[in-house]
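*Asks:* below: sequence and its predicted model.
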Amino acid sequence: MPLHVRGVGLPEEQTIDLWVADGHLSTEPVDDAETIFGASGDGWILPGLVDLHCHIGLGAQGGVEMDEAIAQAETERDVGVLLVRDCGVPIDTRSLDDRTDLPRIIRAGRHLARPKRYIPGFAIELEDQAQLPDAVVEQARLGDGWIKLIGDWIDRQLGDLAPLWSDDVLVAAIDAAHAHGARVTAHVFGEDALPGLINAGIDCIEHGTGLTDDTIALMLEHGTALVPTMINLENFPGIADSAGRYPTYAAHMRDLYARSNQRLSAAWAAGVPVYAGSDAGGMIRHGRIAEEVAALTTIGMSPTEALGAACWDARRWLGRPGLDHGAPADLLCYSQDPRLGPDVLTRPDLIVLGGRVFQPHS
C-alpha cells in the first residue's frame, strides 16, 4: 500500500507532503495512500542520517564475523543512519547490499598503510611505498568510489607521529584514484602529513587535529573537505597515557587534543566543508551519530548546520539524493524538532528505509 507522511522539512522549514510507493518517494499525491505520520500537521521530516566515517565490519581487534557486522548495521539503522561511508574495513561486506533492511554502504575498500604503521589487523601493509598507486587502483576496483589512506601514525624509531608516504608517491596514488573514478581520504592526526596530502589533491581529511592556518588555507585552495570525528578525539588523552615508552608522542597527542577545538573551529570559520563521522567500529561503539552532530556545535556550527553535516549536506557531497521526487524512500520522522539535541535526534519516531517502515523504539 502507498504511504503518506506530512511534516516540516529541513533545512527549508516548510511543511511538506511526501508519498512512498514502490520503495521510492513522490512529491505528487499517490492514490489510496495511508497517512502514517503527520495527520495533524505536526512533526519534522528528514532524509536518512549519514555517518561519513563508520566501519561496519570492524571491531577492536580487526574484522568481525558477518553476523556482528549485520548487528552493527542494524544499530546504525535504528538511530536513523540510513547511509554510511565505510572508511576502511578488513572484511568483504558487499553481501550486505542484498539486505534491504540495512543502511546503504559506500565503501572505501581497506585501509592502506606501511608495515607496523597502523593498528594491527586493520590495513593492507605495503612493504614499499612505491606500491601505493597500484594498491589504490585495486581498492578502487573493490570499493564504491572511495579510498582510505593512513596519512600519519607513530614512527617508533622517531618516537612521534610521522607521515607514511612521500609527496611524489601521494601525487601518483591520488591521480590514479581519480583516474579510476574514486575519491581519496586519509587518517591524519598531526601536522606534518597534511601539506603533502592536500597538495596532492586529496578529497578529504579525517580527524585533522594538526591543522594550521597554512594547511587550512591549502584545504580551501584545493576544495578539501574535513570529517573531524569529534567524539573519537576524546580518546586522545587515553592514547597518550598508554604511550609511556614514547614520551614525545604522548606529549604531542595531548597537545593535539588540547588545541583540537580551536583548530577545527578555525577550519569551519574559514569555510572548509565539514561533515559528521563518528568513527564507529574499533574504539567507538556504533549508533553515536547524534552525539557527533552535537559535538560539531562546539566548533561553531549552528544546530541546523551540524545536522546538515550528517544529513542533507552530507548526502549532497556524496552525490546521493535527499527528499527528492523519485529518490529511494529513505527518511526519518520526528514528533519533536531533531535539532533539540541527541536525545531527540537518536530516537526517530518513524524510520522509512527503501519504503519499508521501522519503529525501533516502540
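*Replies:* Arrived safely, thanks for sending.
*Asks:* contact partners of stretch 354-362?
*Replies:* For stretch 354-362, contacts defined as CB atoms under 8 Å, 6 or more residues apart in numbering pick out 3, 20-24, 36, 77-78, 100-101, 328-330, 347-352. Yep, even glycine has a C-beta here, placed from its N, CA and C like the rest.
*Asks:* which ones among those map onto helices?
*Replies:* 77-78 (DSSP state H).
*Asks:* just the buried residues out of the contacts of stretch 354-362, in ChimeraX syntax.
*Replies:* In ChimeraX syntax, the buried subset of these is picked out as below (16 or more other CB atoms under 10 Å):
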select :3,20,21,24,36,77,78,328,329,330,347,348,349,350,351,352
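*Asks:* taking the contacts of stretch 354-362 one by one, which sit in strands?
*Replies:* Of the contacts of stretch 354-362, the ones assigned to strands by DSSP state E are 3, 20-21, 24, 36, 350-352.
*Asks:* spit out the contact partners of the nearest residue to residue 161 once chain neighbours are set aside.
*Replies:* Counting by CB to CB, 6 or more residues apart in numbering, residue 161 lies nearest to residue 190, which is 3.8 Å off, once chain neighbours are set aside. Neighbouring residues of residue 190 by CB under 8 Å, 6+ apart: 152, 160-162, 209-210, 252, 256.
*Asks:* you'd agree residue 190 is in a helix?
*Replies:* No - counting by DSSP: H, G, I helix; E, B strand; the rest coil, residue 190 is not found in a helix; it is coil.
*Asks:* what separation do you get for residue 215 and residue 260?
*Replies:* Between residue 215 and residue 260 the distance is 14 Å, computed by CB to CB, to the nearest Å.
*Asks:* next: residue 271.
*Replies:* Residue 271 is 19 Å from residue 260, by CB to CB.
*Asks:* next one: residue 94
*Replies:* Relative to residue 260, residue 94 is positioned 35 Å away (CB to CB).
*Asks:* and the two? Which one has more around it.
*Replies:* More crowded of residue 94 and residue 260, by other CB atoms under 10 Å: residue 260, with 23 against 12.
*Asks:* neighbours around the nearest residue to residue 150 once chain neighbours are set aside, how many?
*Replies:* Spatial nearest neighbour of residue 150, excluding adjacent residues (CB to CB, 6+ apart): residue 113 at 4.0 Å. By the measure other CB under 10 Å, the count of residues near residue 113 is 24.
*Asks:* next one: residue 113 from residue 93, what distance?
*Replies:* Per CB to CB, residue 113 is found 20 Å from residue 93.
*Asks:* and residue 30, what does it touch?
*Replies:* Taking CB under 8 Å, 6+ apart, we find residue 30 in contact with 2, 4, 19-21.
*Asks:* tell me which two in these are the farthest apart.
*Replies:* Using CB to CB, those reach their maximum pairwise distance at 4 and 21, which is 9.8 Å.
*Asks:* tell me how many other residues crowd residue 96.
*Replies:* By other CB under 10 Å, 20 other residues sit near residue 96.
*Asks:* an error on my part: the question was meant for residue 27.
*Replies:* Residue 27: 13 neighbours (other CB under 10 Å).
*Asks:* kindly report the same for residue 337.
*Replies:* A count of nearby residues for residue 337, using other CB under 10 Å, gives 16.
*Asks:* wait, doesn't it sit right on residue 343?
*Replies:* No - counting by CB atoms under 8 Å, residue 337 stays clear of residue 343, with 11.8 Å between them.
*Asks:* quick one: the helices in the stretch 251-362 of the chain?
*Replies:* Counting by DSSP state H, counting those that start in this stretch, the segments of the stretch 251-362 of the chain that form helices are 289-296, 303-308, 312-318, 342-345.
*Asks:* ok, residue 199 to residue 214 distance?
*Replies:* The separation that residue 199 has from residue 214, given CB to CB, amounts to 11 Å.
*Asks:* more neighbours, those two?
*Replies:* Under the neighbour definition other CB under 10 Å, residue 199 and residue 214 were set side by side, and residue 199 has more, 16 against 12.
*Asks:* and the more buried one, what does it touch?
*Replies:* By CB under 8 Å, 6+ apart, the contact set of residue 199 is 167, 171, 218, 222.
*Asks:* which residue packs closest to the second one, ignoring adjacent ones?
*Replies:* If I follow you right, that is residue 171. residue 200 (4.6 Å).
*Asks:* thought residue 163 was touching the one you found, still the case?
*Replies:* No - judged on CB under 8 Å, residue 200 makes no contact with residue 163 at a distance of 11.5 Å.
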